[in-house]
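Colleague: pasting the sequence and the predicted coordinates here, then a few questions.
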Amino acid sequence: MLLHVGDREEARHRFAALWAETADSADALHRCTLAHYMADAQDDPEDELAWDLRALALAEGDGWDGRARGEALALRVLKPSLHLSLAADYLKLRRPEAARDHLDRARATTGALADDGYGHGVRAEIARLGRALGPG
């Protein structure tokens with residue numbers, strides 16, 4: 001809630017506390033989601049990129065043993081959004097080739113998205129960012 005009302009600093013502090021608290025106990029889905037939100041709370045684009053890369057690593061299995069099928073499915077559904085965030089990060093950092101690479105990855109993983117508000121929203125943002133990047 002703090003992030004959505006604009007208190008990025010307090011959101012960062014609370015996310016950092018949760019990150020530390022869950023280091024040894026949380027599942028990959030929770031850690032991935034937390035890292036994804038932590039990225040959004042960053043003021044420095046390099047820090048945002050680092051947190052988004054951390055989130056993607058968790059979604060792709062780093063530090064996760066694959067125990068829960070439901071968790072694996074949820075992480076799969078997050079991948080288009082994670083790649084989209086990375087594409088936006090790289091665009092902010094003026095690295096258009098890396099941005100295009102992650103935008104292509106976002107597009108390639110949209111099959112995991114449902115035909116619902118979340119899925120439509122992610123697809124719309126992929127299209128918007130594609131227009132912003134222009135032709136390669």
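Modeller: Everything's here; your move.
Colleague: contacts, neighbours, all on C-alpha from now
Modeller: OK.
Colleague: which other residues reach the helix ranked longest in the chain?
Modeller: With DSSP state H applied, the helix covering the greatest number of residues in the chain is identified as helix 69-92. Contacts to helix 69-92, defined as C-alpha atoms under 8 Å, 6 or more residues apart in numbering, come from residues 28-29, 32, 36, 45-46, 48-49, 52-53, 55-56, 59-60, 66, 96, 98-103, 105-110, 112-113, 122, 125-126, 129, 133.
Colleague: residue ranges of the strands in this structure, please?
Modeller: Listed in chain order, the strands of the chain (DSSP state E) amount to none at all.
Colleague: where in it is pLDDT low?
Modeller: Applying pLDDT under 70 to the chain flags residues 26, 62-69, 136.
Colleague: center of it - which residue?
Modeller: In the chain, the C-alpha nearest the mean C-alpha coordinate belongs to Leu82, at 3.0 Å (C-alpha atoms, centre = their mean).
Colleague: what separation is there between that residue and Leu53?
Modeller: When C-alpha to C-alpha, to the nearest Å is applied, the distance between Leu82 and Leu53 equals 8 Å.
Colleague: out of the contacts of helix 69-92, which are buried?
Modeller: Among the contacts of helix 69-92, the ones that count as buried by 16 or more other C-alpha atoms under 10 Å are 28-29, 32, 36, 45, 48-49, 52-53, 55-56, 59-60, 96, 98-100, 102-103, 105-107, 109-110, 112-113, 122, 126, 129, 133.
Colleague: so Ala39 touches Leu49, yeah?
Modeller: Yes - checked against C-alpha atoms under 8 Å, the pair Ala39 and Leu49 is within contact range at 6.9 Å.
Colleague: around Ala114, how many other residues sit close by?
Modeller: The tally of other residues near Ala114 (other C-alpha atoms under 10 Å) stands at 11.
Colleague: again but with Asp104, I slipped
Modeller: For Asp104, the number of neighbouring residues by other C-alpha under 10 Å comes to 17.
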